[in-house]
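>>> Sequence first, predicted coordinates after that:
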Amino acid sequence: PKTYLPMRITEDMVHGMGGRGSDNYAKFLSLTGAAFIALRRHENLRVMMSLLRLMIPAALPDLSVNQPPEQVLCSLRDRLRLDLSDEKAVSFMEQLVEENTTSRMWMAVDAIHNLGKRL
């Protein structure tokens, strides 16, 4: 999994929502936080973990070839930040959105993709 690029959101996407001060961007942040909280719920986490366990025999690269299956399950738990309260988890997600919006890594990835399209 791409732990160094956890979320793809660019300045253009934010601009398409009307910018950081817009109602649409505020709604996006609100829905992002709500979705993150929903995924962290015990019953949903149990379903996701079960689905991952069922997919392990498929030998998908990120589930069993590139890392041990138990590491995949731990990675999921880590990404959902189960150590945080719901309020802190929403703040974490908002910060993650902000960090990834201004990420130079995504700018580099986009530049490489655009170069690849031209060749």
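That came through, no problem. Quick caveat, the model's predicted, so the values are computed rather than measured.
>>> Any chance you could list what contacts the helix or strand hosting Val90?
In this structure, Val90 sits in helix 86-101 according to DSSP states H and E. Helix 86-101 has contacts (CB atoms under 8 Å, 6 or more residues apart in numbering) with 5-11, 13-14, 29, 32-33, 36-37, 40, 81, 84, 106. (C-beta placed from N, C-alpha, C; glycine too.)
>>> Filter those down to the buried ones.
Buried residues within the contacts of helix 86-101, counting neighbours by 16 or more other CB atoms under 10 Å: 9, 14, 29, 32-33, 36-37, 40, 106.
>>> Now render the residues you listed as JSON lines, adding pLDDT.
Formatted as JSON lines, these follow (pLDDT from 0 to 100):
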{"residue": "Ile9", "pLDDT": "86"}
{"residue": "Val14", "pLDDT": "92"}
{"residue": "Leu29", "pLDDT": "95"}
{"residue": "Thr32", "pLDDT": "95"}
{"residue": "Gly33", "pLDDT": "95"}
{"residue": "Phe36", "pLDDT": "95"}
{"residue": "Ile37", "pLDDT": "96"}
{"residue": "Arg40", "pLDDT": "94"}
{"residue": "Trp106", "pLDDT": "73"}
